[in-house]
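In: quick one, fold the following:
(one chain, ligands or ions: 2)
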Amino acid sequence: MYGTGLAKGLALTLRHFVDSFVDDIRYGMRKYHHSTDNFGIRQGTKTQGVITVQYPDEKVAVPERFRFVPFLIVEDDDHPTRAGKDWCTSCGICAKVCPPQCIWIVRGNDPVTGRPVPEPEAFFIDIDICMNCGYCAEYCPFDAIKMDHDYELASYDRTTHHIHDKERLSKPNSYWRKIAPTRAYDEMMVRGTWEHIDVAKEARRGQSAARRGTSQPSPQPAAAAPPAPAAPEAEAPASPPEASSAAAGATPWSEDEAKREERRRKALERKARRAAKQGGG
Ligand code: SF4
Ligand code: SF4
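Out: Ligands and ions are numbered 1, 2, ... in the order given. Just a heads-up that it's a prediction; the model follows:
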């Protein structure tokens with residue numbers, strides 16, 4: 001019938017209007033008191049009727065999976081071994097998967113050797129371009145980039161303030177655990193530790209090395225012997241290392257180690273030949 005929809009809409013509005021007062025009576029006006037508990041009641045799922053949030057004095061709590069712009073996780077200042085260290089290894093995966101391409105990373109270099117190190121020297125995100133999709137956080141293999149809950153990012157200068165640099169992006173691990181305890185816990189279960197995945201790997205390597213060290217003697221002398229390019233033939237074993245080790249009663253080398261040693265010997269021979277040729281020429 002003509003006008004039914006309109007009547008239904010008005011009835012709904014009237015119900016919300018009445019419910020607001022019913023709710024007020026039920027909580028005895030407690031829900032309008034500006035304390036954390038009462039504000040929680042007002043936001044609860046059982047709340048009926050219409051309420052007005054007095055923003056910015058009051059803020060509605062966001063759900064755990066809410067995502068705004070990304071931030072980078074760094075170790076807490078009180079971490080015993082890695083205080084303030086980046087979780088990001090500057091692998092660049094987030095920058096590759098970012099649909100609008102708003103992430104820019106500069107990989108760090110060791111100041112002494114000049115070799116790349118697994119941490120970002122610079123990290124920028126243009127938050128005006130970021131569309132809050134969360135791909136970067138989903139794809140990061142090191143759990144180093146996460147979506148923040150902080151949505152109050154307005155400023156008068158969008159040219160500089162909206163390009164977040166590494167300093168602005170970095171937030172401690174404890175912050176992530178606080179805003180997303182369930183997700184942080186799930187990630188910890190997958191990693192097997194609350195620590196960075198590299199720390200866990202390092203610990204596992206140390207444990208297996210310790211086990212190897214106690215269960216079987218490793219061929220330390222040969223592995224530790226420094227290469228001598230000038231006289232590789234003298235250093236190279238005349239017979240396969242298995243034979244000498246076995247003869248000495250030690251654990252025989254594996255086939256892989258023997259092949260590796262053979263390759264190393266040949267490489268040293270080639271290097272020596274090259275050096276001799278250059279010296280003679
Ligand atoms: S994917 Fe993760 S570890 Fe790799 S650069 Fe991005 S934030 Fe860093
Ligand atoms: S949330 Fe999406 S758009 Fe924003 S930086 Fe991450 S991948 Fe890019």
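In: show me where the chain has its helices.
Out: Counting by DSSP state H, residue ranges of the helices within the chain are 4-26, 36-43, 93-97, 135-139, 166-169, 173-179, 181-191, 197-215, 220-224, 232-235, 241-247, 255-280.
In: next, the buried residues of stretch 58-75.
Out: 67-75 (16 or more other Cβ atoms under 10 Å). No exception for glycine: its C-beta is placed from N, CA and C like everyone else's.
In: interface residues of the stretch 51-200 of the chain facing ligand 1?
Out: 88-94, 105, 140, 142, 144-145 (Cβ under 6 Å from any ligand atom).
In: if we use 5 Å, what do you get?
Out: The interface of the stretch 51-200 of the chain toward ligand 1, taken as Cβ under 5 Å from any ligand atom, is made up of 88-89, 91, 93-94, 140, 142, 144-145.
In: from these, which land in strands?
Out: When those are checked against strands using DSSP state E, the ones located there are Ile145.
In: which of the residues of the stretch 51-200 of the chain next to ligand 1 lies closest to ligand 2?
Out: Within these, distances to ligand 2 taken as Cβ to the nearest ligand atom reach their minimum at Cys94, with 6.4 Å.
In: related to what we said a few turns ago, now the buried residues of stretch 58-75 as CSV including pLDDT and distance to ligand 2?
Out: Supplementary listing: these in CSV, determined by pLDDT from 0 to 100; distance: Cβ to the nearest ligand atom, whole Å:
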residue, pLDDT, distance to ligand 2
Arg67, 94, 7
Phe68, 94, 9
Val69, 95, 7
Pro70, 97, 5
Phe71, 97, 10
Leu72, 97, 11
Ile73, 97, 14
Val74, 96, 18
Glu75, 95, 22
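In: which of the residues you listed sits closest to ligand 1?
Out: For ligand 1, the nearest member of the buried residues of stretch 58-75 is Leu72. The distance, counting by Cβ to the nearest ligand atom, is 6.3 Å.
In: number of residues surrounding the closest residue to that closest one other than its chain neighbours?
Out: Computed as Cβ to Cβ, 6 or more residues apart in numbering, the closest residue to Leu72 that is not its neighbour in sequence is Leu169, at 4.5 Å. For Leu169, the count of nearby residues is 22 (other Cβ atoms under 10 Å).
In: cool, and Ala276?
Out: Close neighbours of Ala276, defined as other Cβ under 10 Å, add up to 11.
In: any idea how far Asp24 is from Lys59?
Out: 21 Å (Cβ to Cβ, to the nearest Å).
In: could you do Pro116 as well?
Out: If you measure Pro116 against Lys59 using Cβ to Cβ, the figure is 42 Å.
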